[in-house]
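Novice: below is the sequence, then the predicted model.
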Amino acid sequence: MNRPRDEAARKAIEAGLDVSVLVEAGAGSGKTTSLIKRMLALLGEGVCPVDGMVAVTFTRKAAAELKGRFQIELENAVRRETDGPKLERYGAALSNLDLLFTGTIHSFCARLLRERPVEAGLDPGFTELEEDENIVLRDKCWSEYLESLHVAESSLLVQLADLGIEPAQLEAVYQNVCLYPEIEVVGREVPPPDFARKRRLLEEYLQQAWKAMPPEVPKKGWDSLQDMLR
């Protein structure tokens, strides 16, 4: 059987337990398998107990699949392990598998906050916002904000109208800001574009393109630009 070209890197993920590892690879390349092997190695070598281990994924479905696959591999390790101390650690981990955290980053953060809700200034009974609820809330906030501008007859609406911009055209920007709050939105005042100059440059370009037009229809037909120029 052919060995993968990155075999050394895969082994380093499993063996380098005293260092942090960043793995970048495409879908289906075996990242989850490498993660599970590293988790087993951490348990077997006594570096980390199962109740001190956290495996974070992007979705709940992926988290459930990860935990299921890890349990299968842990059970296999218990059956095949011959080293006494390792077998004992694997057995203890299997008996306390419910203490292993696998979940999304949101659920992990929520778990930490629930341990110290008072210090975090939160209601101890807070719940996580589901993605569909988040979308509804974002849309509601946008609609209510626009309504408040109309009710107050805000000068912002006049400024937008002078620029030929409809408020609805800015909704995509608003959605992006909501999705990526860590990105700073930077704006600066610029002079209006010189359409006369742009038109002149476009006409010059079209003249050059027309000169390059073939005299007859190409075997593969006209391309999109040639078709527009005809």
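Specialist: Perfect, I can see it now. Residues are numbered from 1 along each chain as shown.
Novice: domain boundaries for the chain, per the record?
Specialist: Per automatic domain parsing, the structural domains of the chain span 7-120, 131-179.
Novice: and among those domains, the most buried is which?
Specialist: Each of these was scored by mean neighbour count; the highest is domain 7-120, a mean of 14, by mean count of other CB atoms under 10 Å. C-betas here are computed from N, CA, C, even on glycine.
Novice: and that one, how far out from the chain's middle?
Specialist: Relative to the centre of its chain, domain 7-120 is centred 21 Å away, using CA atoms, centre = their mean, to the nearest Å.
Novice: rounded mean pLDDT for it, please.
Specialist: Here domain 7-120 scores 90 as its mean pLDDT.
Novice: for this structure, what spans make up the strands?
Specialist: For the chain, applying DSSP state E gives strands covering 54-57, 101-104.
Novice: in JSON lines, list the ones you listed along with distance to residue 73.
Specialist: Converted to JSON lines, the strands of the chain look like this (distance: least, CB to CB, whole Å):
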{"stretch": "strand 54-57", "distance to residue 73": "13"}
{"stretch": "strand 101-104", "distance to residue 73": "13"}
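Novice: just so I know, which of those strands lies nearest residue 37?
Specialist: Taking CB to CB, strand 54-57 is the member of the strands of the chain nearest to residue 37, at 12.5 Å.
Novice: packing partners of the closest one?
Specialist: helix 60-80, strand 101-104, helix 105-115 (3 or more CB pairs under 8 Å, 6 or more residues apart in numbering; DSSP states H and E).
Novice: what strands line up against that strand, and which way round?
Specialist: strand 101-104 (parallel) (DSSP bridges).
Novice: neighbouring contacts of the strand it pairs with?
Specialist: 53-60, 63-64, 66-67, 70, 108, 111 (CB atoms under 8 Å, 6 or more residues apart in numbering).
Novice: hmm, 10 Å instead?
Specialist: 39, 50-68, 70, 107-111, 128 (CB atoms under 10 Å, 6 or more residues apart in numbering).
Novice: tell me which residue lies nearest the centroid of this structure.
Specialist: In the chain, the centroid-proximal residue (CA atoms, centre = their mean) is residue 58; its distance is 7.6 Å.
Novice: and the gap between the closest residue to that residue other than its chain neighbours and residue 145?
Specialist: Nearest residue to residue 58, sequence neighbours excluded (CB to CB, 6 or more residues apart in numbering): residue 104, at 6.5 Å. In this view, residue 104 and residue 145 are 29 Å apart by CB to CB, to the nearest Å.
Novice: surely the residue nearest to the centre of the chain touches residue 108?
Specialist: No - the pair residue 58 and residue 108 does not pass the contact test of CB atoms under 10 Å, sitting 11.9 Å apart.
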